[in-house]
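*Asks:* turn this into a model:
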Amino acid sequence: MITPRAGSSLTAADIDTWTRERLSACKIPRRVQFVDQLPKGSTGKILEREINRTTLRGSAPSRDSEAARS
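*Replies:* The predicted structure is shown next:
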């Protein structure tokens, strides 16, 4: 999940290209999903359980389309 900065023109293809150029094959993400904000608890920490639950269900409030790995 990625939360791009306001006004950013970042796309899933940009992320895919960048990761393929710089990471080993086992570290390249299978999916890229853009969201407005990551779920956070009352302390401001990111709630990884919520992220995992959302990605397992396959539905999240997304701002942009999800890119499937080809």
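
*Asks:* quick check: which ranges of this protein have low pLDDT?
*Replies:* 56, 58-70 (pLDDT under 70).

*Asks:* just the strands in it please.
*Replies:* Secondary structure of the chain (DSSP state E): strands at 31-32, 67-68.

*Asks:* what pairs with the first one, parallel or antiparallel?
*Replies:* Spelled out, that is strand 31-32. Paired neighbours of strand 31-32 in the sheet (DSSP bridges): strand 67-68 (antiparallel).

*Asks:* state the phi and psi torsions of the closest residue in space to Arg20 that isn't next to it in sequence.
*Replies:* Nearest residue to Arg20, sequence neighbours excluded (C-beta to C-beta, 6 or more residues apart in numbering): Ile28, at 6.1 Å. Backbone N, C-alpha and C define where each C-beta goes, glycine included. Dihedral pair for Ile28: phi -80, psi 130, per degrees, to the nearest 10.

*Asks:* how many neighbours does Ile28 have?
*Replies:* Per other C-beta atoms under 10 Å, the neighbour tally for Ile28 reads 14.

*Asks:* now do Arg5
*Replies:* 6.

*Asks:* what's the answer for Phe34, then?
*Replies:* Neighbourhood size, Phe34 [other C-beta under 10 Å]: 20.

*Asks:* that one contacts Thr3, correct?
*Replies:* Yes - counting by C-beta atoms under 8 Å, Phe34 touches Thr3, with 7.4 Å between them.

*Asks:* still on that earlier bit, ok, now how distant is the residue nearest to Arg20 from Ser9?
*Replies:* Distance of Ile28 to Ser9, computed by C-beta to C-beta, to the nearest Å: 22 Å.

*Asks:* do Pro29 as well
*Replies:* 20 Å.

*Asks:* more neighbours, those two?
*Replies:* Remark: of Pro29 and Ser9, Pro29 carries more neighbours, 15 against 6, as counted by other C-beta under 10 Å.

*Asks:* leaving out sequence neighbours, find the closest residue to that one.
*Replies:* Pro29 sits nearest to Thr19 (C-beta to C-beta, 6+ apart), 6.5 Å away.

*Asks:* gap between that neighbour and Ala25?
*Replies:* Thr19 is 10 Å from Ala25, by C-beta to C-beta.
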